[in-house]
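Starting from these lines, generate the structure:
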Amino acid sequence: MAAGFLGTAAMSRPETETVVIISTLHYPAKAPVITSSLDWSTPFGRLQTDRDITDLFISELGAAEDSKTVEYDHSSSAVIPYVKYYFPDANVACLLVGSSADKDISEDISGLLSEISREKKCLFVFSVDFSHYLEPNETDRRDMETRKAVLSGDLDSINRMTDANVDSYRCLGAFVRLCEGLGGEIRELDHSNSMEITDIPYDKVTYSEGLTSYFIFAGETE
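Predicted coordinates:
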């Protein structure tokens, strides 16, 4: 799903200068919001970090540099090889947002990204997982709630969400706010879950921690 989205984005936005990844912070770190100024080594070559944007994350959002955690956390690092493959000439900037970050961080992130978009040609990628730890019927029900909230821009509902809907309502809220601020229309491009992807029938032994679901939402702007 990640490859499909980034491949499509590369065809529609070949002029992209920097891919900005806003993602969930899963592990203990130096601060609730972290970033890294280091470059990445990928199977497809070196991917340079946009230090101008990284500096803004630090100065404007209070992010701390924690390169080890940024590398270790799959929310950002799993996307990196696809960025280099599909955007070989672009840079990258990563911001990881933890569950203890201030609730206003969504508004702060969206406002900063909106300013950045006026200076650089960026693709903003919000890397989050959706419903967690539930059985199929409940996963489907929660995904219906999430879909409705995202497509309607219902930030109040998004701000009340737990892991049953999304692993970072802060990141999801920042995405919705950014789309609204830039005048973009949010569309659903794809949806699946761990059972559909593996094609293994559900039982409590195979899926001992329940299912995880995934959406690809896109906010298209001119």
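
which ones are touching residue 219?
Listed by CB atoms under 8 Å, 6 or more residues apart in numbering, the contact set of residue 219 reads 175, 178, 179, 182, 184, 185, 186, 187. Backbone N, C-alpha and C define where each C-beta goes, glycine included.

Which stretches in this protein count as helices?
Counting by DSSP state H, the chain has these helices, from start to end: 2-12, 51-61, 67-72, 74-77, 80-86, 105-117, 136-152, 155-159, 169-181, 194-198.

Looking at these, which one is packed in the most?
The highest mean neighbour count among the helices of the chain, using mean count of other CB atoms under 10 Å, belongs to helix 169-181: a mean of 23.

for that helix, the distance to its chain's centre please.
10 Å (CA atoms, centre = their mean, to the nearest Å).

Can you verify my assumption that residue 187 contacts residue 217?
Yes - at 7.0 Å, residue 187 and residue 217 qualify as touching, with contact defined as CB atoms under 8 Å.

between the two, which one's more packed in?
The neighbour comparison of residue 187 against residue 217 (other CB atoms under 10 Å) goes to residue 217, with 21 against 12.

how near is the more buried one to residue 127?
The gap separating residue 217 from residue 127 is 12 Å, by CB to CB, to the nearest Å.

so what sits against both of those two?
Joint contacts of residue 217 and residue 127 (CB under 8 Å, 6+ apart) do not exist.

Save the helices of the chain as CSV, and put in distance to residue 206 too.
Output for the helices of the chain, formatted as CSV (distance: least, CB to CB, whole Å):
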stretch, distance to residue 206
helix 2-12, 23
helix 51-61, 40
helix 67-72, 27
helix 74-77, 21
helix 80-86, 28
helix 105-117, 35
helix 136-152, 12
helix 155-159, 31
helix 169-181, 28
helix 194-198, 8
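
How many residues are close by residue 98?
19.

circling back to that earlier point, can you say which of the helices of the chain is nearest to residue 43?
Distance to residue 43, taken as CB to CB, is lowest for helix 80-86 among the helices of the chain, at 6.1 Å.
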